[in-house]
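[1] Next one to model:
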Amino acid sequence: MKEPVKLALAYPLVVGGRLIGLGKTRSFELSASGELRTFLNGRLRYVSHQALLDYIAAREAASNQEHRNEREEQKHPTESAFERRQ
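    Next up, the predicted model:
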């Protein structure tokens, strides 16, 4: 039986990444790019619980915006994106 996840204020980056379905490499890529806020404590990089929630919210917002854009393009198939902006 799996042990339940214990909520904490911060997690080692790899552990925090795993909580939201990321692998080690992607976690470090997001940290390096600044998309996922992290901090150092000694030699270990950590991610706060709030930073994980903020990252998820940002991804959801971006995904919802892309979905809205796709639906808008379906409503106006003869207009190009450039024509709609003018």
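
[2] how close does Lys24 sit to Tyr55?
    16 Å (C-beta to C-beta, to the nearest Å). For glycine as for every other residue, the C-beta is placed from the backbone atoms N, C-alpha and C.

[3] who has more neighbours, these two?
    Set side by side, Lys24 and Tyr55 show more neighbours around Tyr55, with 19 against 11, by other C-beta atoms under 10 Å.

[4] doesn't Glu35 make contact with the more buried one?
    Yes: if you go by C-beta atoms under 8 Å, Tyr55 and Glu35 touch, sitting 6.7 Å apart.

[5] In contact with Ile56, which residues are there?
    Ile56 makes contacts with Ile20, as judged by C-beta atoms under 8 Å, 6 or more residues apart in numbering.

[6] helices or strands up against the longest strand seen in the chain?
    Assignment by DSSP state E gives strand 44-48 as the longest strand of the chain. When contacts are defined as 3 or more C-beta pairs under 8 Å, 6 or more residues apart in numbering; DSSP states H and E, strand 44-48 packs onto strand 10-12, helix 13-19, helix 24-33, strand 39-41.
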